[in-house]
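Trainee: Would you be able to build a 3D model of this:
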Amino acid sequence: MSGCASAEPFALQVLGNSMAPEFSEGCVVIVDPGAPLCHGAFVVAEHGDGVILRQLNIRSARTTFRIQVHGVSLAA
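Mentor: Coordinates of the predicted model:
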């Protein structure tokens, strides 16, 4: 995810169908790093040599939260 300013929106292309029906293979996802986090939002995180797309599942008002795993890979 290098090459973009930290708060600058960028696009990623979904590889695989593990996030279907929300995001099918080939779908282009626009990521806004400045958007607020909220329950149910889709988030992108760096993982190994790439990035992953997950749905945020906040369990309480405290700072702990869980990200649901769907096993999708994204390509920049």
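
Trainee: from the middle of its chain, how far away would the strand ranked longest in the chain be?
Mentor: When the chain is parsed with DSSP state E, its longest strand is strand 50-57. With Cα atoms, centre = their mean, to the nearest Å as the basis, strand 50-57 stands 4 Å off its chain's centre.

Trainee: next one: stretch 24-44
Mentor: 5 Å.

Trainee: Residue 22 against residue 42, yeah?
Mentor: Yes: in this structure, residue 22 is within contact of residue 42 by Cβ atoms under 8 Å, at 7.3 Å. Bear in mind the C-beta positions are built from the backbone N, C-alpha and C, glycine included.

Trainee: which parts of stretch 34-51 are buried?
Mentor: For stretch 34-51, burial by neighbour count (16 or more other Cβ atoms under 10 Å) applies to 44, 51.

Trainee: To clarify, my last question referred to stretch 11-22.
Mentor: By neighbour count on 16+ other Cβ under 10 Å, the buried set for stretch 11-22 is 12, 14, 19.

Trainee: Cool, thanks, talk later.
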